[in-house]
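1. pasting the structure only:
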């Protein structure tokens with residue numbers, strides 16, 4: 001009996017995993033292979049460190065260039081390009097107080113929010129109709145809407161420019177507000193279609209039995225449950241509007257009506273002379289609203305994208 005007990009104690013401990021028993025010292029399951037420090041360094045910390053450096057280096061470079069004196073920007077042989085010994089706020093002051101940057105920022109914000117709201121409204125109605133009403137050819141319509149997203153904006157801006165000019169909207173913010181939905185609605189509709197499919201249809205059936213209309217179901221049941229999807233679509237549309245360049249370059253000519261991506265390139269580049277300090281300061285300040293937006297709503301964005309991809 002003593003020999004049997006010693007043999008059992010010498011055997012590796014086993015833990016239940018589903019229907020089979022796995023030795024407790026087997027680190028091949030789950031994340032137990034990270035228990036070893038060398039393995040954590042190679043498989044976890046090193047890749048994460050590289051990813052963080054790659055993602056944050058552009059922001060570091062923009063911030064560094066924005067506070068560097070002109071002498072250090074132009075003479076790279078004498079000064080280290082990765083650090084600065086005499087930071088200055090001259091470029092940021094020139095950007096904010098000696099240019100129309102605040103007007104450009106307001107134009108960008110107004111256009112992005114207006115176009116995003118219009119796109120979200122249209123996408124909600126179209127996605128709900130395709131997913132829930134189930135009319136003949138609904139799936140084909142959904143596929144066609146998504147295929148429209150694959151059309152490059154560089155192909156559409158010429159005919160759209162003709163339409164904008166004929167309606168008298170050229171060089172106005174409404175030229176962008178009414179054309180941006182052409183590239184926002186297809187993807188947003190596809191995204192919301194995937195998220196609406198994750199909402200149980202039985203909830204709508206119960207509401208229909210109780211006498212609710214389709215509009216009441218959409219506004220009081222579906223939309224409150226689809227808030228993460230709506231936030232995700234809003235972030236996508238807002239980001240695309242904020243960074244869009246081709247349409248803004250084509251439809252706007254006046255300095256005071258331009259958006260940030262176009263204005264900082266046109267106004268801080270004189271021929272072959274690049275005012276790097278002001279350029280990087282404008283890019284850095286212009287990226288802050290998006291950074292703040294993603295920081296607050298990144299969890300909703302990821303969850304909604306996951307729900308859409310499942311479908």
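-> That came through, no problem. Treat the numbers as computed from the prediction; the structure is a model and nothing was measured.

2. could you pull out the helices for the stretch 1-150 of the chain?
-> Assigned by DSSP state H, counting those that start in this stretch, the stretch 1-150 of the chain shows helices spanning 2-10, 37-40, 46-66, 70-74, 90-97, 101-128, 138-149.

3. List the buried residues of stretch 153-168.
-> Neighbour-count burial for stretch 153-168 flags 153, 157, 160-161, 164 (criterion: 16 or more other Cβ atoms under 10 Å). C-beta: built from backbone N, CA, C; applies to glycine.

4. From these, which one has the minimum pLDDT?
-> Lowest pLDDT within those is found at residue 153 (78).

5. can you pull the contacts of that one?
-> By Cβ atoms under 8 Å, 6 or more residues apart in numbering, the residues touching residue 153 are 183, 244, 246-247.

6. hmm, which of those are the buried ones?
-> 183, 244, 247.

7. Can you tell me how far the residue lying closest to residue 253 once chain neighbours are set aside is from residue 247?
-> Leaving out its chain neighbours, the residue that sits closest to residue 253 by Cβ to Cβ, 6 or more residues apart in numbering is residue 171, at 5.1 Å. Distance of residue 171 to residue 247, given as Cβ to Cβ, to the nearest Å: 13 Å.

8. now do residue 276
-> Taking Cβ to Cβ, one finds residue 276 at 26 Å from residue 247.

9. Just give me the neighbour total for the residue nearest to residue 69 when sequence neighbours are not counted.
-> Using Cβ to Cβ, 6+ apart and skipping residues adjacent in sequence, the residue nearest residue 69 is residue 88, 5.2 Å away. Residues lying near residue 88 (other Cβ atoms under 10 Å) number 15.

10. check contacts around residue 88.
-> 67-69.

11. Turn those residues into CSV, including neighbour count and pLDDT.
-> Below are those laid out as CSV (neighbours: other Cβ atoms under 10 Å; pLDDT from 0 to 100):
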residue, neighbour count, pLDDT
67, 19, 89
68, 24, 89
69, 16, 87
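
12. want to throw the residues you listed into TSV with distance to residue 220?
-> Below are the contacts of residue 88 laid out as TSV (distance: Cβ to Cβ, whole Å):
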residue	distance to residue 220
67	52
68	55
69	59
